[in-house]
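Q: Turn this into a model:
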Amino acid sequence: MIKKLNSLIILAIVTAVMVVLMLITIQRPIDTTDDYSLLFPELFGQLSGVDTLKVKSRQDEFTLYKEGEDWFVKERWNHLADFNLVKRALIDISEAKIIERKTANPEQYILLGVEGVDDGGESIQITMLNGDKEVASLILGNEREVGQTQGARRFYVRRAGEERAWLAEGYLNINPLMLNWIKSEVINIARERIARVDIIQPNGDKATIVNIGVKDKFGTPEALGKTIFKYEQLGYDMAGTLFQLRMEDVQPLKDLSRGESEVVTAEFTTFDGLKITAETSFIDGSYFSVFKAEYDAALVKTAPKDIVALNKLKTAEQVQQEVKIINKELNNWAYRFGGFIGTNLMRAKADMVTVVEQVIPMPPDLTGTGLSPQ
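A: Coordinates of the predicted model:
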């Protein structure tokens, strides 16, 4: 019995040693001839012709395509993609450098994560096309941890269609989820431009804040600088709702069903005559908004000197062009937002300010009876 147990222990030790040796063999350099050469030597010069980017993983599969200067997400109703994200991914792949040559044995791919998506692996496959012509295709495997928290990192990779795996260095942080490639910034209106915000409830009740003549300072028209908000920065937050406004998700406007949900209208007016109207409903636990923009010369008003000095305001021609762009991009979509944004787009006055009641003070009790004198 003891001999049998010893044999099993020895076998386990031998097996563990063999696995360690195999891992060392796979991860050590086989040949340094190609060290620090580009993974795709000709790709950078071909990037201008790339018009399609396909991303495939076990989690998702989607296609990004280019029309004019814009990129779109095919499987998300052809919504705009994040141009900067696509551009960064293309450049990063073209600049990736080979550090070490690795295994060409398919049986060992799984240890590096480069076995391919079709084989049930955890890798990400990125394919670049010019029309129907493949320009480059990369299978992105596991990251090799080397202690960096920033900058270029190291990944095991394989060029699609080739058996050889490589250790490559670069900014190869390719996101496998389609939703993360959608242009998430809906609109971007600088807070400094905002002169007034009106939030109108379905019954006609209105909550209003205005710029009180100082940069980043807002109050109600009645109390101005003496306004007591529910929390100190509430006016500032409400006025900045449209600054770098980002969505959680999007859907075609024609597919939005509000049902019996109420619609609250928020109107943002700038010193330079831009008016953005948002119509928001709370539907099944989420906030959904649609937007439209317009220019109205009658809304133009003199801005405080410190705001003018910031050079944020636009000419009438610039605002009119801005309106065209905003409506072209936003008119056909309904956007889903989180609670902070959704709440600010739907605030009633009672949820915005604290009203100090005007109460006539009673005279002090001088009798000691607890009763004021009559």
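Q: Quick one: name whatever helix or strand follows the lowest-mean-pLDDT helix or strand in the chain.
A: Averaged element by element with mean pLDDT, DSSP states H and E, the chain has its least confident helix or strand at helix 2-27 (a mean of 53). Counting by DSSP states H and E, the element after helix 2-27 in chain order, helix or strand, is strand 52-56.
Q: Kindly export that next one (C-alpha atoms) in CSV.
A: C-alpha atoms of strand 52-56 as CSV (Å, rounded to 0.1, in the frame of the first residue of the first chain):
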residue,chain,number,x,y,z
THR,A,52,-14.1,47.4,-42.3
LEU,A,53,-13.1,46.1,-39.0
LYS,A,54,-14.5,42.8,-37.8
VAL,A,55,-14.3,41.8,-34.1
LYS,A,56,-15.1,38.3,-33.0
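Q: quick one: contacts of that strand?
A: Contacts with strand 52-56, where a contact means C-beta atoms under 8 Å, 6 or more residues apart in numbering, come from 61-66, 71, 86, 89-90, 117, 124-131, 174, 176, 178, 181. Any C-beta I mention is one placed from the backbone N, CA and C, and that applies to glycine too.
Q: Of the residues you listed, which belong to helices?
A: When DSSP state H is applied, these are split such that 86, 89-90 fall in helices.
Q: of those, closest to Gly225?
A: For those, the minimum distance to Gly225 (C-beta to C-beta) is 45.9 Å, reached by Val86.
Q: what pLDDT does that closest one get?
A: Note for Val86: predicted pLDDT of 97.
Q: do the one 4 residues further on as well
A: Reading off the confidence values, Leu90 has pLDDT 97.
Q: for the lengthiest strand in the chain, what is the average pLDDT?
A: Longest strand of the chain, by residue count under DSSP state E: strand 133-144. Strand 133-144 comes out with an average pLDDT of 96.
Q: pull the CA atoms of the host helix or strand of Thr343 into PDB?
A: Using DSSP H and E, Thr343 falls within helix 339-346. Taking Å, rounded to 0.1, in the frame of the first residue of the first chain, the C-alpha atoms of helix 339-346 are listed here in PDB:
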ATOM      1  CA  GLY A 339     -30.200  57.800 -12.700                       C
ATOM      2  CA  PHE A 340     -28.100  60.900 -12.100                       C
ATOM      3  CA  ILE A 341     -28.600  62.300 -15.600                       C
ATOM      4  CA  GLY A 342     -32.200  61.100 -15.800                       C
ATOM      5  CA  THR A 343     -33.100  62.700 -12.500                       C
ATOM      6  CA  ASN A 344     -31.600  66.100 -13.500                       C
ATOM      7  CA  LEU A 345     -33.600  66.000 -16.800                       C
ATOM      8  CA  MET A 346     -36.900  65.400 -14.900                       C
END
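Q: Just the buried residues of that helix, please?
A: Buried positions in helix 339-346, judged by neighbour count with 16 or more other C-beta atoms under 10 Å: 341-346.
Q: wait, which of those residues is closest to Phe291?
A: Leu345 (10.2 Å).
Q: Surely that closest one and Val290 touch.
A: No: assessed by C-beta atoms under 8 Å, Leu345 is found out of contact with Val290, at 11.0 Å.
Q: Which residues are in contact with each of the two?
A: Ala278.
Q: Give me the domain ranges for this protein.
A: The record assigns the chain these domain ranges, following automatic domain parsing: 28-181, 185-351.
Q: still on that earlier bit, how far is the helix holding Thr343 from where the chain is centred?
A: Relative to the chain's own centre, helix 339-346 is displaced by 18 Å; criterion: C-alpha atoms, centre = their mean, to the nearest Å.
Q: ok, back up a step: got a quick PyMOL command for the buried subset of the contacts of strand 52-56?
A: Filtering the contacts of strand 52-56 down to the buried ones (16+ other C-beta under 10 Å) takes a single PyMOL command:
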select buried, resi 62+63+64+65+66+71+86+89+90+117+124+125+126+127+128+129+174+176+178+181
